[in-house]
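**Q** Got a predicted structure plus its sequence, pasted below:
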Amino acid sequence: MRAWQQAAMEKYFDGPSRDFLAVATPGAGKTTFALSVAAELLGRRMIDRITVVAPTEHLKLQWAEAAARAGIPIDPAYSAGKGRTSEDYVGIAVTYAGVAVNPLAMRIRTERFKTLVILDEVHHAGDALSWGEGVREAFEPAARRLALTGTPFRSDVNPIPFVTYAPGGDGIPRSVADYTYGYAHALADHVVRPVLFLAYSGEMTWRTRAGDEVAARLGEPLTKDLTNQALRTALDPGGSWIPSVLAAADSRLTEVRRHVPDAGGLVIATDQDSARSYAKTLRQITGQSATVVLSDEKAASKKITAFAEDDSRWMVAVRMVSEGVDVPRLAVGVYATTTSTPLFFAQAVGRFVRARTRGEVASVFVPSVPRLLGFASEMEVERDHVLGRTVTDEDDIFAAENDLLAEAQQGESASAEEDKLPFEALGSEARFDRVLYDGGEFGHEGEVHVGSEEEMDFLGIPGLLEPSQMRELLQQRQSDRARKQKAAAPPSAAQTRPADSVTQVSTHEQLAVLRRELNGLVAAWHHRTGQAHGITHAALRKECGGPAAAIANAEQLRARIDRIRDWAARKSG
């Protein structure tokens, strides 16, 4: 067992509580921890039976396979209407939706035996009121309940069953975990991989239902509706953006496979039609077929298992591979979905961080959407489930996306709602924008063409590097490129005009300079204190306000620069 799993087990058995909430970053080994607890409870005769509740049908099978390796036979085909199961089984695996269908039958089973209930990704018990009520009714009589989650909880008004809440500093109730093992800790322990985010922007053109043609650059400050339409244009299979990004991602995968021969890639698509189109594009790029995983296919779970065990290059899936699915060889990802919530983003990125060999680095390609770049900048920030917050438009979108996720898991099209929007993609063009790594940004003064030498500076980064080596290499390549650009650039207007003339600096240049200064100060603070970059950025945001550094304005960046300089001065004093 890993050190965190052993420490969590010790804490579990130190306390007499029936309920225990373990929050551990994706890839850390929550399943192994839970099954170790279950085996110990069975050995001590504190329980007789086990019930595992998982979000999806595939995860039921995955839990049963993992339990079998631990010597605990679990029936993944059990249903409430089935009543009894074979005496060869010690437990069953069901879904949250299955529990909600007949909670009384599950309650009767729970009452018959001293039962340990493992609630995998327990935040799903808050996805729908019926799910939460079903879980509470079915498992209230359980002898023990072990809740697990690996992703940040969201904010809403419905408490998650069997989770403890306590008032935060602002008086708003927040979930209280019994044991937390965050991404920053797991990264320091080499339990998970660091993540290199490669962001792509570009020009987008689309037509509204009124017949108006709109052109905008992905990543520019836009309204919420325009940002969503620009993103959908980028992800349209008929445009140039997605083929360019898929080709770049495959180039990155080729570099990674030089060091990790079985490394695989995953494209997360919005809907089934897009998934099939992306697979065709990958076939054209690579000459090899991609595994396509659709939620309404009976063979979906078998396809995922086969991909996990072979050495093929690419898998394309619609949402269902975003949470809990264990494919350790996934090393390169393309975030090609319109879903843009912190919960789903963390789930998706979690598919790529499971460490196998020291030095492996995950590479995730993302659209240059401010919201997504903000999530990428704050990978290390831990979040709780917040109650009593006023529901905003953003929360409504979140709920709608959870509904779409449920539809996808039931074989429905995830894009049904989006098809109703007044929108028609006309064309797109991709540009390499920047790299985000460990809370810092690396890139160029402006976007660069796909396939250029500047882009290959980053796509060609070795597939095996220690985190410190990765940061040093990124800084070196950025410095080298800046020197080349400066040497090749013609004299600027500022250099040729009279000394007393006014120099006009663009907003883009100004923000880039401020972000570099802030990132440099955060890096210096890290070397001085050992505090992770993402944690420092989050602390600055909390004190100074505003969004993530990737999308903050000049005033907000200056405030954070002043604040961290003040921290450094006080520490020196």
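**A** Sure, I can see it. Quick caveat, the model's predicted, so the values are computed rather than measured.
**Q** For my notes, confirm T31 occurs in a helix.
**A** Yes. Assigned with DSSP: H, G, I helix; E, B strand; the rest coil, T31 falls within a helix.
**Q** what's the distance between it and A554?
**A** 46 Å (Cβ to Cβ, to the nearest Å). C-beta: built from backbone N, CA, C; applies to glycine.
**Q** Tell me, what's the model's pLDDT at M46?
**A** In this model, M46 is scored at 95, pLDDT.
**Q** three-state assignment of the residue positioned nearest the centre of the chain?
**A** What sits nearest the mean C-alpha location of the chain, by Cα atoms, centre = their mean, is A346, with 2.2 Å. Here A346 is helix, with the state taken from three-state DSSP.
**Q** gap between it and A376?
**A** Counting by Cβ to Cβ - A346 and A376 are separated by 10 Å.
**Q** Run through the neighbouring helices and strands of the longest strand along the chain.
**A** The residue-count maximum for a strand in the chain (DSSP state E) belongs to strand 195-207. Strand 195-207 sits against strand 213-218, helix 224-235, helix 241-259, strand 362-367, helix 370-377, strand 424-428, strand 431-437, with contacts defined as 3 or more Cβ pairs under 8 Å, 6 or more residues apart in numbering; DSSP states H and E.
**Q** so what are the domain limits for this protein?
**A** Following automatic domain parsing, the chain resolves into domains at 3-188, 195-448, 509-573.
**Q** coming back round to it: ok, and the closest non-adjacent residue to the residue nearest to the centre of the chain?
**A** Closest residue in space to A346, ignoring its immediate chain neighbours: T151 at 4.4 Å, by Cβ to Cβ, 6 or more residues apart in numbering.
**Q** and the one you found, what does it touch?
**A** 26, 121, 123, 323, 343, 346-347, 350 (Cβ atoms under 8 Å, 6 or more residues apart in numbering).
**Q** Equivalent analysis for E203, please.
**A** 215-218, 428-429, 431.
**Q** how close does it get to L426?
**A** 11 Å.
**Q** in this structure, which helix or strand is least confident?
**A** When each helix and strand of the chain is scored by mean pLDDT, DSSP states H and E, helix 393-409 comes last, with a mean of 36.
**Q** partner residues bridging the residue nearest to G359 when sequence neighbours are not counted?
**A** Once flanking residues are discounted, G359 sits nearest to L464: 3.9 Å by Cβ to Cβ, 6+ apart. Beta-bridge pairing for L464 (DSSP bridges): E360.
**Q** Is it correct that L464 is in contact with A331?
**A** No. Here L464 does not reach A331: they are 10.5 Å apart, not a contact under Cβ atoms under 8 Å.
**Q** So these two - more neighbours on which side?
**A** The residue with more neighbours, out of L464 and A331, is A331; 27 against 14, by other Cβ atoms under 10 Å.
**Q** Then the more buried one would be within a strand, right?
**A** Yes. According to three-state DSSP, A331 belongs to a strand.
**Q** For it, give me its contacts.
**A** By Cβ under 8 Å, 6+ apart, the residues touching A331 are 193, 253, 256, 260, 263-265, 352, 360-363, 463.
**Q** most surrounded residue in those?
**A** Tallying neighbours with other Cβ under 10 Å puts G265 at the head of the contacts of A331, with 28 neighbours.
**Q** Quickly note the distance from it to Q531.
**A** 33 Å.
**Q** go on, E203?
**A** Per Cβ to Cβ, E203 is found 39 Å from Q531.
**Q** quick one: low-confidence parts of the stretch 1-150 of the chain?
**A** Scanning the stretch 1-150 of the chain for pLDDT under 70 picks out 16, 80-83, 127-129.
**Q** 80 instead?
**A** Scanning the stretch 1-150 of the chain for pLDDT under 80 picks out 15-16, 79-84, 126-130.
**Q** repeat for the stretch 251-400 of the chain
**A** Residues of the stretch 251-400 of the chain meeting the criterion pLDDT under 80: 295-298, 319-326, 343, 378-400.
**Q** which neighbours do L464 and A331 share?
**A** With Cβ under 8 Å, 6+ apart, L464 and A331 have common neighbours 260, 360-361.
**Q** As JSON lines, these with distance to P367 would be great.
**A** Formatted as JSON lines, these follow (distance: Cβ to Cβ, whole Å):
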{"residue": "V260", "distance to P367": "26"}
{"residue": "E360", "distance to P367": "24"}
{"residue": "V361", "distance to P367": "21"}
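**Q** End to end on stretch 220-228, go ahead and measure it.
**A** By Cα to Cα, to the nearest Å, the extent of stretch 220-228 from end to end equals 12 Å.
**Q** To clarify, my last question referred to stretch 115-123.
**A** 21 Å.
**Q** Show me how far it is from its chain's centre.
**A** 21 Å (Cα atoms, centre = their mean, to the nearest Å).
**Q** for it, which positions count as buried?
**A** Residues of stretch 115-123 classed as buried: 115-123 (neighbour count, 16 or more other Cβ atoms under 10 Å).
**Q** So which of these sit within strands?
**A** Of the buried residues of stretch 115-123, the ones assigned to strands by DSSP E are 115-119.
**Q** The helix or strand harbouring A64 packs against which elements?
**A** Using DSSP states H and E, A64 maps to helix 57-69. In terms of contacts (3+ Cβ pairs under 8 Å, 6+ apart), helix 57-69 is packed against helix 30-43, strand 49-54, strand 74-75, strand 91-95, helix 300-309.
**Q** Now for A355: which residues touch it?
**A** 27, 190-193.
**Q** Output these as TSV; include the columns secondary structure and distance to M456.
**A** Shown next, in TSV, are the contacts of A355 (DSSP: H, G, I helix; E, B strand; the rest coil; distance: Cβ to Cβ, whole Å):
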residue	secondary structure	distance to M456
G27	coil	29
H190	coil	28
V191	coil	31
V192	strand	27
R193	coil	22
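**Q** just the helices in the stretch 451-573 of the chain please.
**A** Here the stretch 451-573 of the chain has its helices, by DSSP state H, counting those that start in this stretch, at 453-459, 467-488, 493-496, 507-529, 533-544, 554-572.
**Q** which other helices and strands contact the fourth one?
**A** Helices and strands touching helix 507-529, as assessed by 3+ Cβ pairs under 8 Å, 6+ apart, comprise strand 440-449, helix 533-544, helix 554-572.
**Q** repeat that for 10 Å
**A** Secondary-structure packing of helix 507-529 (3 or more Cβ pairs under 10 Å, 6 or more residues apart in numbering; DSSP states H and E): strand 440-449, helix 467-488, helix 533-544, helix 554-572.
**Q** biggest separation within the contacts of A355, which pair?
**A** G27 and H190 (11.5 Å; Cβ to Cβ).
**Q** Counting neighbours around each, name which of those two comes out higher.
**A** Per other Cβ under 10 Å, whichever of G27 and H190 has more neighbours is G27, with 22 against 15.
**Q** Show the contacting residues for the more buried one.
**A** With contacts defined as Cβ atoms under 10 Å, 6 or more residues apart in numbering, the neighbours of G27 are 150, 183, 186, 191-193, 326, 328, 349-355, 362.
**Q** Please name the nearest non-neighbouring residue to T85.
**A** The shortest distance from T85 to any non-neighbouring residue, by Cβ to Cβ, 6+ apart, is to D75 (4.7 Å).
**Q** how near is that neighbour to N102?
**A** 16 Å.
**Q** end-to-end on stretch 168-187?
**A** 27 Å.
**Q** How far off centre is it?
**A** 17 Å.
**Q** Repeat that for stretch 138-155.
**A** Centroid displacement of stretch 138-155 relative to its chain, using Cα atoms, centre = their mean, is 21 Å.
**Q** now stretch 93-106
**A** Relative to its parent chain, stretch 93-106 has a centroid offset of 27 Å by Cα atoms, centre = their mean.
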